[in-house]
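> Any chance you could fold what I've pasted below:
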Amino acid sequence: MKSAARDPDSPQWLKSVPFLAMHAIAIASPFVVRPSLRLLGLALGTYAVLMFGVTAGYHRYFSHRAFRTSRAFQLALAILGGLSVQKGVLWWSAHHRHHHRYSDGPEDVHSPARRGFWWSHVGWILSERYDGTRLERVKDLARYPELRLLDRYALLAPAAWATGMYLAGGLPWLAFGFFIPVVLVWHVTFSINSVAHVLGRTRYETGDDSKNSFLLAVLTFGEGWHNNHHFYPSTANQGWFWWELDVSYYALRALAALGIVWDLRLPPRRIRDGIAVGGELLEPPVPDAAPGR
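Numbers count the residues shown, from 1 in each chain. The predicted structure is shown next:
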């Protein structure tokens, strides 16, 4: 008698052991290593670096090509994003572009409306269905061999970071400079997939359940203005009004002043005022967005 086919959406518990172990270590660390102001500062600083790598790098640059930069800094952004241990840059960008194309519809990768809150927050990451990188969605990125290499060996950068933390300060630095901030960044960024499609305020009609949340915007350096983002995804800023805090955009403005990035895309006035229909530029114009200089 044949056994029932395994549900490809079910968690891969064996492969998920490192993911679960990271949580256990992060939770246990403050009880094993006595926290100090120095260690808390290390955790906060690492959190900021990782969050910028995910929000400005993996999300705004690679997924939406919201600004331009050099090939060297493009590589730096890919490495920074990779330190968060959220798989490779091509994997991340491909799945995010797919999410925008089908947001909260039957084909959405991680919609709460599809399989519930748990699925959208972390369940889809643990399943085997989404292990592969959909290169057809990131042809503009896959032409760079260094990005393909980073995507294939996605654990190389975070492993080097963790090793550096241990060599610099032993177990305390490893705990507060790697395990704790990585796990915090995981769940804060995962909350954009889950919480930001359930709780918050809707300013624009986007055809999905995206919401704006001040709290999430603070924690994610601006990603919490999620309804803004889904209305017009290709902007370098997601907080469109002066009162909408967007730390990643402020950092990008500073980098633009130094000439490290340029051509930061901003929402046209008609978009901010809700006059035009949202969803323009879901797929980035690749020739425009390619690195230069």
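
> Could you list the low-pLDDT ranges of the stretch 101-250 of the chain?
In the prediction, the stretch 101-250 of the chain carries no residues with pLDDT under 70.

> show me where it has helices.
Here the stretch 101-250 of the chain has its helices, by DSSP state H, counting those that start in this stretch, at 112-115, 117-118, 124-126, 139-142, 145-152, 156-174, 180-193, 214-219, 226-231, 247-257.

> which one of those helices lies closest to residue 14?
Closest to residue 14 of the helices of the stretch 101-250 of the chain, according to C-beta to C-beta: helix 124-126, at 10.8 Å. No exception for glycine: its C-beta is placed from N, CA and C like everyone else's.

> For the closest one, which outside residues touch it?
Here helix 124-126 makes contact (C-beta atoms under 8 Å, 6 or more residues apart in numbering) with 9, 11-13, 16, 19, 109-110, 115, 130, 190.

> picking that back up, which of the helices of the stretch 101-250 of the chain sits most buried?
Burial of the helices of the stretch 101-250 of the chain is given as mean neighbour count (mean count of other C-beta atoms under 10 Å); helix 226-231 ranks first at a mean of 27.

> CA atoms only for that helix, dumped as CSV, please.
Provided in CSV are the C-alpha atoms of helix 226-231 (Å, rounded to 0.1, in the frame of the first residue of the first chain):
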residue,chain,number,x,y,z
HIS,A,226,3.7,48.8,3.8
ASN,A,227,0.5,50.1,2.3
ASN,A,228,2.5,53.0,0.7
HIS,A,229,5.0,50.5,-0.6
HIS,A,230,2.4,48.2,-2.2
PHE,A,231,0.7,51.2,-3.8
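
> Throw the helices of the stretch 101-250 of the chain into TSV and include distance to residue 238, thanks.
Output for the helices of the stretch 101-250 of the chain, formatted as TSV (distance: least, C-beta to C-beta, whole Å):
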stretch	distance to residue 238
helix 112-115	20
helix 117-118	22
helix 124-126	22
helix 139-142	21
helix 145-152	24
helix 156-174	25
helix 180-193	10
helix 214-219	8
helix 226-231	5
helix 247-257	7
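
> out of those, which comes closest to residue 71?
Closest approach to residue 71 among the helices of the stretch 101-250 of the chain is made by helix 145-152 (8.4 Å; C-beta to C-beta).
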